[in-house]
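*Asks:* Fold the stuff below for me.
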Amino acid sequence: MTHETEWMQDASLRNIPDFKLEFLQQMFFESKKYSRKELLPFFMSLAAKSRARNITFSQEELDTIIPVLKRYASEDEIQKMNQAITMFKKRQG
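*Replies:* Here you go, the predicted model:
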């Protein structure tokens, strides 16, 4: 298990389905290889995948997952997460 995937083993996430954690792993940690200019197409692709797979998150799930993700993330990753969360909220709203 790498540093980037150890967050998925956090005890507070035991009730979150693995497929959702894997989606978030891709969204937040794999996004770091993209420049800011490349992030929008990457996130748009993920949004399409989430719709196709019917992946949704309840507010309770998000309130559980986000603090765990941030505990295991670098400052740069946290900044990208915040950007993604903002985009996600706009899409939901």
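*Asks:* The most centrally placed residue in the chain in helix, strand or coil?
*Replies:* Note on the chain: the residue nearest the mean C-alpha position is L24, at 3.2 Å, using CA atoms, centre = their mean. Using DSSP: H, G, I helix; E, B strand; the rest coil as the criterion, the local structure at L24 reads helix.
*Asks:* pLDDT score assigned to it?
*Replies:* Reading off the confidence values, L24 has pLDDT 84.
*Asks:* Which residues are in contact with it?
*Replies:* L24 sits next to 65, 69 when contact means CB atoms under 8 Å, 6 or more residues apart in numbering. C-betas here are computed from N, CA, C, even on glycine.
*Asks:* quick one: it from K90, how far?
*Replies:* The span separating L24 from K90 equals 18 Å under the rule CB to CB, to the nearest Å.
*Asks:* what's the answer for F28, then?
*Replies:* In this structure, F28 and K90 are separated by 17 Å, where distance is defined by CB to CB.
*Asks:* of those two, who's got more company?
*Replies:* Neighbours around F28 and K90, counted as other CB atoms under 10 Å, are more numerous at F28. The numbers are 23 against 8.
*Asks:* Hmm, S74 and that one touching each other?
*Replies:* No - distance between F28 and S74: 10.9 Å, which falls outside the contact criterion (CB atoms under 8 Å).
*Asks:* Quickly list what's touching both of the two.
*Replies:* With contacts taken as CB under 8 Å, 6+ apart, not a single residue reaches both F28 and S74.
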